[in-house]
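Chemist: Sharing a model that was predicted from the sequence below.
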Amino acid sequence: MPYVLYRGVARLGVRILAFGSSKVTRQLLLDWFRATQRHIADEVLIDAVRAAAPADELQHIAVELAEAVAASLDTTQDSAEYKAEQMVKLARAVQRFDTSEAHAYFTRAIDLTDRVGDDVHVLWRAFLAVARRASEGNHEDDRRAYRVAQLAESLQPYLGDGMDHSTVLSAMGHLSPTTATTVASRWRDRGLCSEGPFIQALLDEGAGPLAPSAVTALAMVPFDEHRVGALRLVERAMREAPGDGERIAGTLGEFLRARRFSRASFERLDQTASELGIDLSGTLFAVRSRPIAFPVSSGYSSPRWTRGEEDEERAARLRRLEDALGACDLSTDEGFERARQLLIRNALGSGSLTVCE
């Protein structure tokens, strides 16, 4: 049965029985909910609780649905903000027939918001920056890499969309490529994320232990649609294998056909191809066929045309932030406070980074 029909039956079925029902029809509806509730969104079940609450003969259905929603919110991988919001809605729905139970659900919503402070995003970025700095040695550290994975899994419910899995896997890859690959597989199997973030980590512009070869990283592009910022990664691949430059450009051009890049990116690519003696005329990167992004205007412009350059600028800001944090002495209170202020200013988008002495 399509999900839209599940939602329709869940909303209308309770309202129809609220006008009058028999023991048989109530049991039929309850059995249907038990069999299909895993396919119905929490907000739809909460609406069913709200509709059943005023009818005394339907309150046992409301109680069972409320317990099912609460149990679902305890185990779901959604953000803490979403869970708290749904728990408050559930408390309001239950309040119509049981104020003590409503108070219990509201208390659980408060607990969700109190587990991690408002500065969780700032602290998470600081932690990733520290992990990056810890990986600057020439030795692998499986233990620290696995610890990064554990913290990421613990904070996933509170960070929500703020958890950039590709950035986390990239930081882990600098500590231990083997652990990062293993964790990416585990996260995919457990439903924390798809294989996309791992491929995106491989496409990270800078060479690292996780993907020391640009050719190897770009070989993952056909598996899905991923950000390939500017064309610097293509330039790196050509420099790594100049003999295969034309084949690299021709193959990647087909898969990047829908993407647009700035004129500056193509100028750098032309310069690289000229230095290496690579002919781009038969590829999508040829002068007459290349997909050039529209210039950014003062009005609205879709991020689809400029996201590559924006990602490049964002990566450059992140590198400046990491350098500034690396100059802070985190073993002292003063150094730690300076690092915290750097992260706060960066989070606010000021763009001004003061390197700690």
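Modeler: Received, thanks. Residues are numbered from 1 along each chain as shown.

Chemist: Tell me which stretches of the stretch 251-357 of the chain form helices.
Modeler: 263-276, 303-326, 333-347 (DSSP state H, counting those that start in this stretch).

Chemist: wait, which of the ones you listed is closest to residue 182?
Modeler: Evaluated with C-beta to C-beta, these place helix 303-326 nearest to residue 182, the distance being 25.2 Å. No exception for glycine: its C-beta is placed from N, CA and C like everyone else's.

Chemist: looking at this structure, which helix or strand is least sure?
Modeler: helix 303-326 (a mean of 63; mean pLDDT, DSSP states H and E).

Chemist: Look at the spatially closest residue to residue 187 that is not a sequence neighbour and give its secondary structure.
Modeler: Among residues not flanking residue 187 along the chain, residue 193 sits closest, at 5.1 Å (C-beta to C-beta, 6 or more residues apart in numbering). The local conformation at residue 193, judged by DSSP: H, G, I helix; E, B strand; the rest coil, is coil.

Chemist: one step back: tabulate the helices of the stretch 251-357 of the chain (a markdown table), appending distance to residue 210 and mean neighbour count.
Modeler: Listed next are the helices of the stretch 251-357 of the chain as a markdown table, based on distance: least, C-beta to C-beta, whole Å; neighbours: other C-beta atoms under 10 Å:
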| stretch | distance to residue 210 | mean neighbour count |
| --- | --- | --- |
| helix 263-276 | 24 | 16 |
| helix 303-326 | 15 | 15 |
| helix 333-347 | 24 | 16 |
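
Chemist: Take those helices and write them to CSV, including distance to residue 94.
Modeler: Output for those, formatted as CSV (distance: least, C-beta to C-beta, whole Å):
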stretch, distance to residue 94
helix 263-276, 56
helix 303-326, 42
helix 333-347, 37
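
Chemist: which one of these lies closest to residue 156?
Modeler: helix 333-347 (19.5 Å).

Chemist: Which elements pack onto that closest one?
Modeler: The elements that helix 333-347 packs onto, with contact taken as 3 or more C-beta pairs under 8 Å, 6 or more residues apart in numbering; DSSP states H and E, are helix 120-134, helix 303-326.

Chemist: any idea which helix or strand carries the closest residue to residue 34 other than its chain neighbours?
Modeler: Leaving aside its chain neighbours, residue 34 sits nearest to residue 64 (7.9 Å; criterion: C-beta to C-beta, 6+ apart). If you go by DSSP states H and E, residue 64 is part of helix 59-75.

Chemist: Provide the contact partners of that helix at residue level.
Modeler: The contact list for helix 59-75, computed with C-beta atoms under 8 Å, 6 or more residues apart in numbering, reads 14, 26, 29-30, 33-34, 37, 42, 45-46, 48-49, 52-53, 83, 86-87, 90, 93-94, 97-98, 101, 105, 108.

Chemist: Could you rerun that using 7 Å?
Modeler: The contact list for helix 59-75, computed with C-beta atoms under 7 Å, 6 or more residues apart in numbering, reads 26, 29-30, 33, 37, 42, 45-46, 48-49, 52-53, 83, 86-87, 90, 94, 97, 105.

Chemist: Can I get the buried part of those residues as one PyMOL selection?
Modeler: Buried subset of the contacts of helix 59-75, written as a PyMOL selection, criterion 16 or more other C-beta atoms under 10 Å:
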select buried, resi 26+29+33+37+42+45+46+48+49+52+53+83+86+87+90+94+97+105
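
Chemist: Report the separation between residue 320 and residue 53.
Modeler: From residue 320 across to residue 53, the span is 55 Å (C-beta to C-beta, to the nearest Å).

Chemist: typo on my end, it should be residue 323
Modeler: Residue 323 sits at a distance of 58 Å from residue 53 (criterion: C-beta to C-beta).

Chemist: Same check on residue 252?
Modeler: On the measure of C-beta to C-beta, residue 252 and residue 53 end up 59 Å apart.

Chemist: same thing with residue 102?
Modeler: Taking C-beta to C-beta, one finds residue 102 at 10 Å from residue 53.

Chemist: do the same with residue 280
Modeler: 68 Å.

Chemist: Measure how buried the nearest residue in space to residue 279 that is not next to it in sequence is and give me the count.
Modeler: Counting by C-beta to C-beta, 6+ apart, residue 246 is the residue found nearest to residue 279 once chain neighbours are left out, at 5.8 Å. Other residues within reach of residue 246, judged by other C-beta atoms under 10 Å, total 18.
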